[in-house]
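S.K.: Could you work out the structure for the sequence below:
(2 chains)
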Protein chains: 2
Amino acid sequence: MLTPKEQMRIICKGVHQCVNEAELLAKLEKSYNQEEPLIIKLGLDPSAPDIHLGHAVVLRKIRQMQELGHQAVIIIGDFTGKIGDPTGKSKGRVALSDEKVKENALTYCEQIFKILDKEKTIVRFNSEWLSKLNFEDVIRLAATSTVARMMERDDFQNRYKNGVPIGIHEFFYPLMQAYDSVEIKADIELGGTDQTFNILMGRTLQKSMGIDQQIALFMPILEGLDGVEKMSKSLGNYIGVSEPAEVMFKKVMEVPDNLIIRYYELATDEHPDEIDRVKAELLNRANPRDIKFQLAKIITGLYHEEEEVQSAISYYDMAFSKKTIPDDIPILLLDLEKDTVNDSIPGLIELGYIKSKSEFIRLIRQGGIQINGEKMNEDEINNVLFNGDVMKIGKKRFVKINK
Amino acid sequence: MLTPKEQMRIICKGVHQCVNEAELLAKLEKSYNQEEPLIIKLGLDPSAPDIHLGHAVVLRKIRQMQELGHQAVIIIGDFTGKIGDPTGKSKGRVALSDEKVKENALTYCEQIFKILDKEKTIVRFNSEWLSKLNFEDVIRLAATSTVARMMERDDFQNRYKNGVPIGIHEFFYPLMQAYDSVEIKADIELGGTDQTFNILMGRTLQKSMGIDQQIALFMPILEGLDGVEKMSKSLGNYIGVSEPAEVMFKKVMEVPDNLIIRYYELATDEHPDEIDRVKAELLNRANPRDIKFQLAKIITGLYHEEEEVQSAISYYDMAFSKKTIPDDIPILLLDLEKDTVNDSIPGLIELGYIKSKSEFIRLIRQGGIQINGEKMNEDEINNVLFNGDVMKIGKKRFVKINK
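M.R.: So this is what the prediction gives:
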């Protein structure tokens, strides 16, 4: 087990703010001496969509702490999900059925376990304790905070100033999140910088209930591929953790040079020493493209098998870089008059990549055929192929069209 | 049964504001046609002390509506009482034990039934329904109001502006009171003008829950005997409903002349026609003292038996007015050197008013001995009596000291 100071260095890598470091060190020392793992909390909203590298920033940090021996507790906020927004004004807070909440939670867990260590993770639903609170408990909970304190939260303050209604129930969302910390006796809670208010509320509530205060670890918001905006699906500047290796590799290669170190810090589990080495390399005018290539290999490797990473690299080289095509990549020649995807089938059979047209169709349906890195649909079978187009068949086989 | 319009006249007598009259008339018409009494709600805080005429303003109005055939529902706010103020900052909101709450409620009911008709009154404790609400119910309740709406309440607004903390739980007190109205399907809720916000919240909540909105009847705050400040025990300007007939009579005689009509309207059940007659009398320069004498007789008669009222009048005449003492009131002569209360005992035995010293002591302990209208304690037995002092023994016997 690493010493508390060595652990601190890894935990604080890339962190935006830690409230506070002295307390964190004390917790790590106690944990080290008593051989008791710390409880790392992360709250998740089950209405969130597919996870991308932006969401993964907090998850990777938790994974790093798991590697240090600590215990993660993921709280699925199903209680809030079930209630929704009773005023019906917030689209994000439509009441969900128990089934829908569980379904969302499952999809979510599937994704987070691409990052977290399942053995060191407990998943809990907060309805387990929140649904048991009665009015008296709620009054006691509410009494731990004040209107002025709630109004410190930027969004509340702005809405109040601008006359946009704030429902009284909305004050409970931070309190519920804080109560979760009390319930599981969290030692550390992680979140983005947009969670500052809610996570610090957990510290306040723990204190007022006479238990040890959690450490708040705020992670920066990761910029997307455009290098400016927050990574988000709707802006299209994201890298999804479930995306195929080739797509992921290619997208990392599109990260702006000035964000290479940031991605190293926030999207990989590399040791601070290694990141220092990369920084030095960049300063010594190494070609950023070569370093980014390493970064792409590391990130892709976090979410895919080694074999897939290798094939993604080959594919990238072939499709997007100027390198000559390796000898072992077959070149499919197509007749000029008959130049659709459909027309390539006999050649593919001849190469031994598929056995029949029906197998090819089945592969398309399973998403197993890509043209220039994009999955093709069945109705695109009569699309024209151009000279230089790269077709991927299954996981590892490629052909380049030569007309 | 009086017609709806006749009922309106009585109900609206002395009322500060009715929200709103058209709806009230409609409710009265429906009640009249269907021969269904209206449900009149009054919420009471069981931590309040002895009831005085200021508190009685709302109770008298309810009594008048009971005489019109309607049903009173008194809500004892025991749920709030049991919780208290969890922050411990409000002295008025110390958590009370179940027993203490019940004890307070009993004392309270004893007093209110000096005014209300027991047959047409139902007493309910709001813990009956409030303690059953779970977190989800509370969230739904909270969602019916907004921060901006709560901030319309003067005390909240002032505290917020002045940086005095407002606990989130305090927002629930108006919501609880409103929920009580929903629960009992109140047709009319009464309160002082200081209850405007809370009672209108009841209307809002009923509406948002799809039930008929209650009418809000705001009664004025009654000025005390100083004619300026609100009647209150701590200011000493009050008339308690449990005070002896003599004290009550004397205190009403101290009401400033300009408040005679106000006391007629707010502290008696006189018909509006009768009050109009008194107003005319006053305008015709009748001696206000004579009219006040009538008022004192009416008010004392509302809380005491006829016999006691008569004895209070005799006592008042004797002790506080310049009239000669009636022949049938004995004058006790005391030796100048032995002039304490104790020394008067032999004379009292001689008059046949008491049988022994021990009976006299027992009467003192029971509060049955008064000197100049004030109950005496056992340790005052050696106090000096002065010429002209009036001693009351039991309910109807008096002596005037003549030294």
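
S.K.: CA only for contacts and neighbour counts going forward, please
M.R.: OK.

S.K.: which residue does the stretch 201-350 of chain A bring closest to chain B?
M.R.: At 10.2 Å from chain B, residue A:208 is the closest residue in the stretch 201-350 of chain A, using CA to the nearest CA.

S.K.: quick one: that residue and residue B:166, what's the gap?
M.R.: Separation of residue A:208 from residue B:166 (CA to CA, to the nearest Å) stands at 17 Å.

S.K.: mean confidence for stretch A:130-142?
M.R.: Averaging pLDDT along stretch A:130-142 yields 92.

S.K.: quick one: buried residues of it?
M.R.: A:130, A:133-142 (16 or more other CA atoms under 10 Å in any protein chain shown).

S.K.: Contacts for it, please.
M.R.: Identification of contacts with stretch A:130-142 by CA atoms under 8 Å, 6 or more residues apart in numbering or on different chains yields A:79, A:172, A:175-176, B:83, B:86, B:130-136, B:138, B:167-169, B:172.

S.K.: and chain A, which of its residues are near chain B?
M.R.: A:83, A:85-87, A:130-136, A:138-148, A:160, A:163, A:165-172 (CA under 8 Å from any CA of the partner chain).

S.K.: which residues in the stretch 101-250 of chain A form strands?
M.R.: With strands called from DSSP state E, counting those that start in this stretch, the stretch 101-250 of chain A shows them at A:121-125, A:188-192, A:215-219.

S.K.: Which strands border the first one, and is each parallel or antiparallel?
M.R.: Looking back up the chat, that one is strand A:121-125. strand A:71-76 (parallel) (DSSP bridges).

S.K.: Using PDB, write down the CA coordinates of the helix or strand just after the partner strand.
M.R.: As assigned by DSSP states H and E, the chain's next helix or strand after strand A:71-76 is helix A:78-83. What follows is helix A:78-83, C-alpha atoms only, in PDB (Å, rounded to 0.1, in the frame of the first residue of the first chain):
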ATOM      1  CA  ASP A  78     -33.700   6.900  -7.800                       C
ATOM      2  CA  PHE A  79     -35.800   8.600  -5.100                       C
ATOM      3  CA  THR A  80     -35.600  11.900  -6.900                       C
ATOM      4  CA  GLY A  81     -36.200  10.100 -10.200                       C
ATOM      5  CA  LYS A  82     -39.400   8.500  -8.900                       C
ATOM      6  CA  ILE A  83     -40.800  11.800  -7.700                       C
END
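
S.K.: what number of residues lie near the residue of the stretch 201-350 of chain A closest to chain B?
M.R.: Neighbourhood size, residue A:208 [other CA atoms under 10 Å in any protein chain shown]: 14.

S.K.: go on, residue A:15?
M.R.: Residue A:15 has 20 nearby residues by other CA under 10 Å.

S.K.: what do you get for residue A:183?
M.R.: Residue A:183: 12 neighbours (other CA under 10 Å).

S.K.: which ones are touching it?
M.R.: So residue A:183 contacts residue A:129 (CA under 8 Å, 6+ apart).

S.K.: Any figure for the gap between it and residue A:192?
M.R.: Per CA to CA, residue A:183 is found 22 Å from residue A:192.

S.K.: Check residue A:223 too.
M.R.: 13 Å.

S.K.: next one: residue A:370
M.R.: 35 Å.

S.K.: residues contacting residue A:243?
M.R.: Per CA under 8 Å, 6+ apart, neighbours of residue A:243: none.

S.K.: okay, it: pLDDT?
M.R.: 91.

S.K.: thinking again about what came up before, not counting sequence-adjacent ones, nearest residue to the residue of the stretch 201-350 of chain A closest to chain B?
M.R.: Using CA to CA, 6 or more residues apart in numbering or on different chains and skipping residues adjacent in sequence, the residue nearest residue A:208 is residue A:144, 7.1 Å away.

S.K.: What is the burial count for that neighbour?
M.R.: Neighbours of residue A:144 (other CA under 10 Å): 19.

S.K.: which residues sit in contact with it?
M.R.: A:205, A:208, B:87, B:167-168.

S.K.: List only buried entries from the residues you listed.
M.R.: A:205, B:167-168.

S.K.: so who does residue A:51 touch?
M.R.: A:108, A:111-112, A:240-242.

S.K.: before we move on, the earlier item: which of the buried ones among the contacts of residue A:144 lies closest to residue B:357?
M.R.: Within the buried ones among the contacts of residue A:144, proximity to residue B:357 (CA to CA) peaks at residue B:167, which comes in at 58.4 Å.

S.K.: Could you tell me how many residues sit around the residue lying closest to the closest one once chain neighbours are set aside?
M.R.: Excluding its sequence neighbours, the residue lying closest to residue B:167 (CA to CA, 6+ apart) is residue A:146, at 4.2 Å. Neighbour count for residue A:146, taken as other CA under 10 Å: 18.

S.K.: Show me what the helix or strand hosting residue A:316 is packed against.
M.R.: Residue A:316 belongs to helix A:306-320 when assigned by DSSP H and E. On a contact count with 3 or more CA pairs under 8 Å, 6 or more residues apart in numbering or on different chains; DSSP states H and E, helix A:306-320 meets helix A:245-252, helix A:288-303.

S.K.: any idea which of those helices is most buried?
M.R.: helix A:245-252 (a mean of 23; mean count of other CA atoms under 10 Å in any protein chain shown).

S.K.: how much does it deviate in direction from helix A:306-320?
M.R.: 60 degrees (axes from the mean of the first three to the mean of the last three CA atoms, to 10 degrees).

S.K.: Restricting to C-alpha, output helix A:245-252 in PDB.
M.R.: Extracted in PDB, the C-alpha atoms of helix A:245-252 (Å, rounded to 0.1, in the frame of the first residue of the first chain):
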ATOM      1  CA  ALA A 245     -11.900   1.500 -30.600                       C
ATOM      2  CA  GLU A 246     -11.400   3.000 -34.100                       C
ATOM      3  CA  VAL A 247     -13.800   5.900 -33.400                       C
ATOM      4  CA  MET A 248     -12.300   6.500 -30.000                       C
ATOM      5  CA  PHE A 249      -8.700   6.400 -31.300                       C
ATOM      6  CA  LYS A 250      -9.500   8.800 -34.200                       C
ATOM      7  CA  LYS A 251     -11.400  11.200 -31.900                       C
ATOM      8  CA  VAL A 252      -8.500  11.400 -29.400                       C
END
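
S.K.: counting contacts, what elements does it pack onto?
M.R.: helix A:288-303, helix A:306-320.

S.K.: Now the helix or strand encompassing residue A:11: buried residues?
M.R.: Using DSSP H and E, residue A:11 maps to helix A:4-12. For helix A:4-12, the neighbour count (16+ other CA under 10 Å) marks A:4, A:7-8, A:10-12 as buried.

S.K.: Any regions of the stretch 1-150 of chain A where pLDDT drops low?
M.R.: Residue ranges of the stretch 1-150 of chain A with pLDDT under 70: A:46-49, A:83-95.

S.K.: Show me the helices in it, by range?
M.R.: A:4-12, A:21-34, A:53-67, A:78-83, A:98-112, A:127-130, A:135-142, A:147-150 (DSSP state H, counting those that start in this stretch).

S.K.: Relative to the whole chain's centre, how far out is stretch A:25-45?
M.R.: Relative to the mean C-alpha coordinate of its chain, stretch A:25-45 is positioned 22 Å out (CA atoms, centre = their mean, to the nearest Å).

S.K.: correction: stretch A:53-69
M.R.: Using CA atoms, centre = their mean, the offset of stretch A:53-69 from its chain centre is 10 Å.

S.K.: next one: stretch A:218-236
M.R.: The answer for stretch A:218-236 is 11 Å, by CA atoms, centre = their mean.

S.K.: go on, stretch A:29-47?
M.R.: For stretch A:29-47 - counting by CA atoms, centre = their mean - the centre lies 19 Å from the chain centre.

S.K.: Identify the residues contacting it?
M.R.: By CA under 8 Å, 6+ apart, stretch A:29-47 touches A:3-4, A:27-28, A:62, A:69-78, A:81, A:92, A:101, A:104-105, A:108, A:177, A:181, A:185-191.

S.K.: Try it again at 7 Å.
M.R.: A:4, A:69-78, A:101, A:104-105, A:186-190 (CA atoms under 7 Å, 6 or more residues apart in numbering or on different chains).
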